[in-house]
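> Sequence first, predicted coordinates after that:
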Amino acid sequence: MTKRKRHQHEIAASRKARPQTDRADSGAREGEPPRSAPADGLRRWLLGALVALFVVRPLFPSESAAIEGDGLPVVMLWIALATFWMLGAIGRAEFRVRFGCVDAAVLALIVFHTIAGVVAAAHLSPRPAVNVLWEWIGLGLAYFLARQFIVTRREARAAVVAMIALAVSLSGYGLYQYCYEMPRTRAEYAADPDAAMRAAGMWFPPGSPQRKLFEDRLASTEPIATFALTNSLAGYLVPWLVVAAGIVAGSSSGRVRVVLCMIPVAACLLLTKSRSGYAAAVFGFLLVGMLCRRQKLRIGWKLPAGVAAIATILVAAAILAGGLDREILSEASKSLGYRAQYWQSTMQMIGDKPLLGCGPGNFQFAYTKYKLPEASEEVADPHNFLLEVWATAGTPAMLAMLAALACFAWKVYPRSNGRHGNVPEAESDVATPSGDIHVYGGAVCGFLAAVPLGQMSAGPPGLASVFIGLPMAAGCIALLRGWVGNGRLPGVLPAIGLAALLVNLLAAGGIGFPGVAGSLWLLAALGLNESSDVAPRSLPRGVALGGLIVAITLAVTCHQSAYGPVLRCQGFLRLAESNPADARQHLAAATLADPLSARPWQQLAAITFDAWQQDPAAEKFQYFETCNATALQREPNSSTAWAASADWYAKAFAETGQKEHIDRAVQHYRRAVQLYPNNGMHWAKLALAHRAAGNEAAFRDGADAALRLDQLTPHEDKKLPEELRRDLSAGGIGSFNR
């Protein structure tokens, strides 16, 4: 036997002896050549759709998912994708699924979260509970489908490039906002403040705390791109910037191209002034340096020197442009103090409701009961992902989350056997047609779908985000295609990106924001697929049939409980806003379209009360009371809703003098105080209502509480108006109209 033949024989023998990994998508058994099943073509198309959905969600805001339900169309598409997968699976002789301990823990998390959502929908505010329940089911499906559809390493690299390209596009749009869009908006406001506010759909009187808060936010220079909060933008950018750094550290070629893609992302991240984002990025870079660099790869001095020079230039440019200032450091302790207040209040909430929490989508309603007097705002989440899961879904869900993270860490932790990130391309990867072209096509479709899907949200994306973002994303993909074809994705790198994102979420929160959380679950799926050596499980065809039944059930239930009602209700609400003359009819239709929503009932109560003030007919006031009572039933834990109701009854008493109206005002102010005991304005209005009802002792107690809270709060927007403060101090008559 010649030396060459002996070498070929050894290669063939090693291939036969190599165990099948969970990266094999052809269904080949040990010792058999890989098979390219016809169903693999369907899988690649489903892979493209999967990437499109991961790309589209960050392209319009997700922070209002609880109230607006703006992510429900994407949730329906996730369910549809699972349905198509099951349809394809029932026609195959064998149904192969990746499922391990991490997947079981994630499934438990989704189940416990769903149970908490159902209970909250039955006993608390139903619409936000149902909306967030479905958002989490959508995220769970996104994770499980990514586990199944991303099979080859080349597909994994293509998916990583698609998400890095999205980060580049969002960064480009953020830089456009910083340099042009936001300065223009500030200039328009300076020219005519009232007109600018009305154009934005709001108006506050000059000198009011609300207008000052609006002006402070307008003066903010931090870019937000397609998000509602700059911390959310930073939360998306951080993991993919870290992953890009890992590609540079782990690759021997194409580094300059990756660095070029990193520049706009790093620049935009600097301008967000997100301290949690900075800390997470530094943490991720340290992990990259420790775990991703190949042992025999000689980096030399040129690349580190070039990266350091670029970083210095970016920081200097940001400082000169006013994007970075001393407040980033000087205000750091204050920002951390605010978060400590949120966490302290959240722990008290958890202590009162340890089993199922306050309910998904209901955190902001529940938080006011525990909010400290000196706390800054009524936050929608505790700015900590673990506390958020614990507080909204209960202890079982939190333990499931911890179990998922612990099992994930065990699976992906680099071990001495070298299988994590040092294994060459698997034989099945070479033989199986890769779906990287489908990944790129899906990314483009995601950009194009953002415009129509975003129109259903509370913050539709402008065409500028597409016109600026899509070319930048396409350029990034073009630059990194060579790495997709011939590069190397260190097996531990997705886990490093996930760890960096979790560090950010520990202080910024947002695990319930699909635009941010989608990256977490995609990185988890990529990390497991790249690092696990457990073969896919072969299940009977009947399991696929059962999965199809579950998917169809989810689709019907989601459409009936959330997607259909929310979209129809939003349509009627927009008609009421654009046609004030017919607003009552449109709002009445909205109440029928979405029986779980409080918004149409609240707006109907407001316009009916205004009509009663113009024409004080008894039937109008009775209809107002019906609308108001129904709205309170839909949001029984909202201090804002109870305070608004009390304001109406106080105004009714001022016009009619009927004792039942002031008694109802006292009752509702008292409920508002119970739900928000550290709100000085609620106490002040309760005190005035007691005085109007003739209860001087109760007036004094309420006035003392209001004045004490006014002294405790350091925030101007939480202070009482000066005239009201004098009235309470002197025991004057006061007014309900302040």
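Received, thanks. Numbers count the residues shown, from 1 in each chain.
> Could you list the buried residues of stretch 486-494?
Going by neighbour count (16 or more other CB atoms under 10 Å), the buried part of stretch 486-494 is 487, 488, 489, 490, 491, 492, 493, 494. (Glycine included, C-beta is placed from N, CA and C.)
> The third one touches residue 155, doesn't it?
No - between residue 489 and residue 155 there is no contact, the gap being 10.5 Å when judged by CB atoms under 8 Å.
> Which of the buried residues of stretch 486-494 fall within helices?
493, 494 (DSSP state H).
> List just the nearest of the buried residues of stretch 486-494 to residue 166.
residue 494 (15.7 Å; CB to CB).
> What confidence value was assigned to the closest one?
Turning to residue 494, the model gives it a pLDDT of 94.
> Could you pull up the contacting residues of it?
160, 243, 412, 523, 524, 526, 527, 530 (CB atoms under 8 Å, 6 or more residues apart in numbering).
> Please tell me how far it sits from residue 62.
22 Å (CB to CB, to the nearest Å).
> hey, where'd the helices end up in the stretch 451-600 of the chain?
Counting by DSSP state H, counting those that start in this stretch, the stretch 451-600 of the chain has helices at residues 463-486, 493-508, 514-531, 541-558, 564-578, 583-593, 599-614.
> Next, the angle from the third one to helix 493-508.
If I follow you right, that is helix 514-531. 150 degrees (axes from the mean of the first three to the mean of the last three CA atoms, to 10 degrees).
> Give the rounded mean pLDDT of helix 514-531.
Here the average pLDDT along helix 514-531 is 93.
> Compute the distance from the centre of that helix to the centre of its chain.
14 Å (CA atoms, centre = their mean, to the nearest Å).
> re the thing from before, how about the helices of the stretch 451-600 of the chain, which one is nearest residue 117?
Using CB to CB, those put helix 541-558 closest to residue 117, at 12.2 Å.
> what residue ranges in the chain score low on pLDDT?
Across the chain, the ranges flagged by pLDDT under 70 are 1-39, 199-205, 207-211, 213, 293-311, 313-332, 414-434, 458, 532-534, 731-738.
> want to throw the helices of the stretch 451-600 of the chain into CSV with distance to residue 272?
Formatted as CSV, the helices of the stretch 451-600 of the chain follow (distance: least, CB to CB, whole Å):
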stretch, distance to residue 272
helix 463-486, 17
helix 493-508, 10
helix 514-531, 13
helix 541-558, 33
helix 564-578, 30
helix 583-593, 37
helix 599-614, 31
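> quick one, what contacts the spatially most central residue of the chain?
Closest to where the C-alpha atoms of the chain average out (CA atoms, centre = their mean) is residue 513, at 1.0 Å. Shown in contact with residue 513 (CB under 8 Å, 6+ apart): 62, 63, 65, 232, 235.
> How about it: what's its closest non-neighbour residue?
Nearest residue to residue 513 in three dimensions, chain neighbours excluded: residue 62, at 4.6 Å (CB to CB, 6 or more residues apart in numbering).
> quick one, phi/psi of the one you found?
Residue 62 adopts backbone torsions of phi -120, psi 0, taken as degrees, to the nearest 10.
> Does it touch residue 71 like I think?
Yes - with contact defined as CB under 8 Å, residue 62 reaches residue 71; the gap is 5.7 Å.
> anything in contact with each of the two?
The contact lists of residue 62 and residue 71 share residue 514, where a contact means CB under 8 Å, 6+ apart.
> quick one, domains of the protein?
What automatic domain parsing lists as the domains of the chain is 38-539, 567-730.
> most packed of those?
Scoring these by mean neighbour count under mean count of other CB atoms under 10 Å gives domain 38-539 as the most buried, with a mean of 20.
> Figure out how far it is from the centre of its chain.
With CA atoms, centre = their mean, you get 8 Å for domain 38-539.
> now do stretch 610-620
43 Å.
> and for it, what are the contacting residues?
By CB under 8 Å, 6+ apart, stretch 610-620 touches 608, 621, 624, 651, 655, 656.
> CA atoms of it as PDB?
Extracted C-alpha coordinates of stretch 610-620, given in PDB (Å, rounded to 0.1, in the frame of the first residue of the first chain):
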ATOM      1  CA  ASP A 610     -67.300  66.400  28.600                       C
ATOM      2  CA  ALA A 611     -70.600  66.100  26.800                       C
ATOM      3  CA  TRP A 612     -72.400  66.000  30.200                       C
ATOM      4  CA  GLN A 613     -70.600  69.100  31.300                       C
ATOM      5  CA  GLN A 614     -72.000  70.900  28.200                       C
ATOM      6  CA  ASP A 615     -75.400  69.400  28.600                       C
ATOM      7  CA  PRO A 616     -76.000  68.000  32.200                       C
ATOM      8  CA  ALA A 617     -78.600  65.400  31.300                       C
ATOM      9  CA  ALA A 618     -79.000  62.500  33.700                       C
ATOM     10  CA  GLU A 619     -78.800  59.800  31.100                       C
ATOM     11  CA  LYS A 620     -75.400  61.100  29.900                       C
END
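> ok, residue 375 to residue 66 distance?
20 Å.
> contacting residues for the nearest residue to residue 149 once chain neighbours are set aside?
Nearest residue to residue 149, sequence neighbours excluded (CB to CB, 6+ apart): residue 47, at 4.4 Å. Going by CB under 8 Å, 6+ apart, residue 47 touches 149, 150, 155, 435, 438, 439, 442.
> hmm, back to that, export the buried residues of stretch 486-494 to a markdown table and tack on distance to residue 197?
Shown next, in a markdown table, are these (distance: CB to CB, whole Å):
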| residue | distance to residue 197 |
| --- | --- |
| 487 | 51 |
| 488 | 53 |
| 489 | 49 |
| 490 | 51 |
| 491 | 53 |
| 492 | 50 |
| 493 | 47 |
| 494 | 45 |
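> residue ranges of the strands in the stretch 51-200 of the chain, please?
Secondary structure of the stretch 51-200 of the chain by DSSP state E, counting those that start in this stretch: the strands cover 95-97.
> Helices of that one, start to end?
Going by DSSP H, counting those that start in this stretch, the stretch 51-200 of the chain shows helices at 65-68, 72-89, 101-123, 126-149, 153-176, 182-191, 193-199.
> To residue 95, which of those lies closest?
helix 72-89 (5.0 Å).
> Now do that closest one: which elements does it pack against?
In this structure, helix 72-89 packs against helix 39-56, helix 126-149, helix 541-558, helix 564-578, with contacts taken as 3 or more CB pairs under 8 Å, 6 or more residues apart in numbering; DSSP states H and E.
> Kindly export the third one (C-alpha atoms) in CSV.
What it means is helix 541-558. Written as CSV, here are the backbone C-alpha positions of helix 541-558 (Å, rounded to 0.1, in the frame of the first residue of the first chain):
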residue,chain,number,x,y,z
ARG,A,541,-44.5,10.7,13.1
GLY,A,542,-47.4,10.9,15.6
VAL,A,543,-45.4,13.4,17.6
ALA,A,544,-45.3,15.7,14.6
LEU,A,545,-49.0,15.3,14.2
GLY,A,546,-49.5,16.3,17.9
GLY,A,547,-47.2,19.3,17.4
LEU,A,548,-49.3,20.4,14.4
ILE,A,549,-52.4,20.2,16.5
VAL,A,550,-50.7,22.3,19.2
ALA,A,551,-49.5,24.8,16.7
ILE,A,552,-52.9,25.2,15.1
THR,A,553,-54.5,25.6,18.6
LEU,A,554,-51.9,28.3,19.5
ALA,A,555,-52.7,30.1,16.2
VAL,A,556,-56.5,30.1,16.8
THR,A,557,-56.2,31.0,20.5
CYS,A,558,-53.7,33.9,19.8
